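In: Give me a model of this one.
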Amino acid sequence: MPSAFDVLSKDHEEVRQMLAELEQGPTAASGASANELALRKKMAGQLVIEESRHEAAEEMYFWPAVREHVAGGDRLADEATGQEQEGKQVLDRLDKLEADSAQFEQLLGQFIKAGRDHIAFEETQVWPALRQALTAEQDQQLGGDLELAKKAAPTRPHPHTPPSPGVQKAAGPAAAVADAARDAASGRGE
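Out: Okay, the predicted model is just below:
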């Protein structure tokens, strides 16, 4: 079973790469072609999918572990889930826009900055404390839980769903099925 920090590090690295590609990619304002804009929309859609899965898994398992094992964990988890809720709102709006929209670029820029800040917060403020608090067995159990949760997590942000482990575990599977049906019908994520 992988370490929780290996699972999360891999996710963070993938997101960093997506953010860098989106930040550097051609935009409507810089004269991107229709094909380039379609690829940009697809890349942003993949970002939304990966972030949605990652955040749902964290809400189910990671933040409860922080709350349970870290002194001051409630404060850290509250701050992080607040950041994540704001990110979900931005991603939800971004996912509904076309890449030739000025608002698409504005929201994407907002998310890029917030996403990097959030990753830095987790890696510098939360991870060191949780690494010290968990046994190797707990770390591996958490890693396995995160991996499994991501596989069955929603692929769209649900900004009106509270970031509660109980809510995610109860409503998440139904949301994931609905998201998968919408994705299949639209070809999203292919």
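
In: any idea which element Asp6 lies in?
Out: helix 4-24 (DSSP states H and E).

In: ok, then the element right after that helix?
Out: helix 34-57.

In: what angle sits between that next one and helix 4-24?
Out: Inter-element angle recorded for helix 34-57 and helix 4-24: 160 degrees (by axes from the mean of the first three to the mean of the last three CA atoms, to 10 degrees).

In: helices and strands around the helix holding Asp6, which ones?
Out: In terms of contacts (3 or more CB pairs under 8 Å, 6 or more residues apart in numbering; DSSP states H and E), helix 4-24 is packed against helix 34-57, helix 102-121, helix 127-133, helix 136-151. Every C-beta, even on glycine, is put in place using the N, C-alpha and C of the backbone.

In: ranking these by burial, who's on top?
Out: Using mean count of other CB atoms under 10 Å, the stretch among those with the largest mean neighbour count is helix 34-57, at a mean of 20.

In: between that one and helix 136-151, how big is the angle?
Out: Going by the same axes, to 10 degrees, helix 34-57 makes 130 degrees with helix 136-151.

In: Now helix 34-57: average pLDDT?
Out: The pLDDT scores in helix 34-57 average 94.

In: which is the next helix or strand following that helix?
Out: helix 63-69.

In: pLDDT score assigned to the residue sitting furthest away from the middle of the chain?
Out: Note on the chain: the largest C-alpha distance from the chain mean falls to Gly31, namely 29.4 Å (CA atoms, centre = their mean). pLDDT recorded at Gly31 is 92.

In: if we can go back for a sec, just the residues contacting the helix holding Asp6, thanks.
Out: Identification of contacts with helix 4-24 by CB atoms under 8 Å, 6 or more residues apart in numbering yields 40, 43-44, 46-47, 50-51, 54, 58, 62, 65, 108, 112, 115-116, 119, 122-123, 127, 130-131, 134, 139-140, 142-143, 146-147, 150.
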